[in-house]
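> only the shape, not the letters, is given here:
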C-alpha cells in the first residue's frame with residue numbers, strides 16, 4: 001500500500017508553540033459495554049474501568065463540561081444464540097450499534113461532542129454511523145482516523161475467525177456485512193479518500209485485498225511511523241481526513257499502543273506505539289481542532305495490571321481534548 005503525501009495546506013495542524021487553547025466543549029460520555037464481537041471476553045468492563053480511572057473529573061479539570069449519558073443496552077452473550085460462524089452475534093451487535101448510532105446523533109443534535117467508551121471495536125459501526133448520519137442531514141460528510149493495530153476490514157466472507165470486531169471498517173466503507181453497514185439505510189458511511197488507518201501492524205491477507213478493493217489509500221503502518229515519525233504521519237493523516245469534510249471521527253483502539261504500556265487490551269500485538277508517541281498523536285489532534293467525535297475501545301480490565309490500560313486511555317482522551325504539557 002502506497003502512502004500519499006498531501007500537497008494541500010488547507011488542513012495542516014497548528015504549531016504547538018503559541019497555539020491558543022481551544023474553547024471548552026460540552027462532552028457526553030456514552031458507554032457501550034459490548035463484547036460479543038471478540039473471542040476473548042472482558043472488554044464489556046472497559047467503560048467502567050475508564051470511568052473508575054477518573055475520566056469525567058480529569059476532562060472537567062481541563063474546563064470541559066462533561067455529562068455521563070450512561071450505557072447503551074447490550075444483550076448478554078450467554079443469553080443469545082451466536083448465529084452464523086462467519087459473523088457471530090451479528091444480529092445482536094447490529095442492534096447495539098443501531099442504538100449507539102441513535103445516541104450519537106442525539107448527542108450531536110444537542111450540541112455536544114460524543115465520547116464513546118467500549119467495548120469491542122465492532123461498536124464503531126454504530127458510532128461512526130451516527131456521526132455520518134448527523135452530518136449527512138446537513139449535506140456534509142466526515143472523515144475517520146482509525147488508530148489501531150488491525151485494519152478491521154474483514155467481511156463474513158473473508159474473516160478467518162467470524163469475529164465481528166474485525167469487520168466494522170468494512171461495514172463503514174460499504175463492503176459489508178449489509179446489516180451493519182446500512183444503519184440509517186445508506187452506505188457507505190465514509191468515503192475511502194477520507195478514511196485513514198494509523199499504526200496498523202497485523203493485517204490478514206484478505207484484508208490487504210479489501211483495503212485495495214475499498215480504495216483506502218491512506219494507510220500508515222508502524223514502519224511508516226518508525227521511518228517518518230509520528231508528526232509527519234499525523235499531519236498527512238489529518239489532511240486526508242479533513243479534505244472536503246466537516247471534520248473527523250477518531251476511533252482509538254488501545255491495542256494500537258505497545259502491550260508494554262497497554263497490557264489490558266482485547267487483542268495485544270507487540271511493536272506498537274510508545275507512551276509518548278501515543279500522547280503526541282493525541283496532542284497533534286487537539287492542536288488541529290477538527291475532531292467532531294472520539295471513541296476508545298478494547299480496554300480489557302480482566303487481563304490488565306491495576307487498571308493501567310484504562311488509566312492510559314483516560315490520559316490519551318485528555319490529550320485529545322486539549323491537555324498540554326506547558
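Sure, I can see it. Only a predicted model underlies this, so the values are computations on that prediction, with no experimental measurement involved.
> looks to me like residue 70 is in a helix.
No: counting by DSSP: H, G, I helix; E, B strand; the rest coil, residue 70 is not found in a helix; it is strand.
> so who does it touch?
When contacts are counted by C-beta atoms under 8 Å, 6 or more residues apart in numbering, residue 70 is found next to 30, 31. No exception for glycine: its C-beta is placed from N, CA and C like everyone else's.
> can you check the one 4 residues further on too?
Shown in contact with residue 74 (C-beta under 8 Å, 6+ apart): 32, 33, 34, 36, 44, 92, 96, 119.
> do residue 250 as well
144, 145, 147, 285, 291, 293, 294, 295, 320 are the contacts of residue 250 under C-beta under 8 Å, 6+ apart.
> recalculate using a threshold of 6 Å.
By C-beta atoms under 6 Å, 6 or more residues apart in numbering, the contact list for residue 250 reads 145, 291, 294.
> so can I have a markdown table of these showing neighbour count and pLDDT?
Converted to a markdown table, these look like this (neighbours: other C-beta atoms under 10 Å; pLDDT from 0 to 100):
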| residue | neighbour count | pLDDT |
| --- | --- | --- |
| 145 | 25 | 98 |
| 291 | 21 | 98 |
| 294 | 24 | 98 |
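> same list (those residues) but as a markdown table, adding distance to residue 226 and secondary structure.
Shown next, in a markdown table, are the contacts of residue 250 (distance: C-beta to C-beta, whole Å; DSSP: H, G, I helix; E, B strand; the rest coil):
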| residue | distance to residue 226 | secondary structure |
| --- | --- | --- |
| 145 | 19 | strand |
| 291 | 25 | strand |
| 294 | 26 | strand |
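> if you rank the contacts of residue 74 by neighbours, which is first?
Neighbour counts for the contacts of residue 74 (other C-beta atoms under 10 Å) peak at residue 119, which has 35 neighbours.
> where do the strands sit along the stretch 51-200 of the chain?
All strands of the stretch 51-200 of the chain, identified by DSSP state E, counting those that start in this stretch, fall at 65-71, 113-118, 143-147, 195-200.
> out of these, which gets nearest to residue 161?
Checking the strands of the stretch 51-200 of the chain against residue 161 by C-beta to C-beta gives strand 195-200 as the closest, at 17.3 Å.
> that closest one vs strand 143-147, what angle?
10 degrees (axes from the mean of the first three to the mean of the last three C-alpha atoms, to 10 degrees).
> hang on, the earlier thing: quick check: which of the strands of the stretch 51-200 of the chain is nearest to residue 245?
strand 143-147 (4.5 Å).
> ok now the closest one, how far from the chain's centre?
Taking C-alpha atoms, centre = their mean, to the nearest Å, the mean C-alpha location of strand 143-147 is offset from the chain mean by 7 Å.
> picking up where we left off before, out of the contacts of residue 74, which sit inside helices?
Those of these mapping onto helices are 92, 96, per DSSP state H.
> just give me the neighbour total for the residue nearest to residue 192 when sequence neighbours are not counted.
Computed as C-beta to C-beta, 6 or more residues apart in numbering, the closest residue to residue 192 that is not its neighbour in sequence is residue 215, at 3.8 Å. Neighbour count for residue 215, taken as other C-beta under 10 Å: 12.
> tally of neighbours for residue 229?
There are 13 residues near residue 229, going by other C-beta under 10 Å.
> now for residue 98: which residues touch it?
residue 183.
> can you rerun that using 8 Å?
126, 183.
> let me have the contacts of residue 250 in a markdown table, extended by distance to residue 60.
Formatted as a markdown table, the contacts of residue 250 follow (distance: C-beta to C-beta, whole Å):
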| residue | distance to residue 60 |
| --- | --- |
| 145 | 25 |
| 291 | 18 |
| 294 | 16 |
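> which parts of the protein are helices?
46-52, 55-60, 90-109, 124-136, 168-172, 178-181, 205-214, 222-228, 230-242, 275-288, 308-320.
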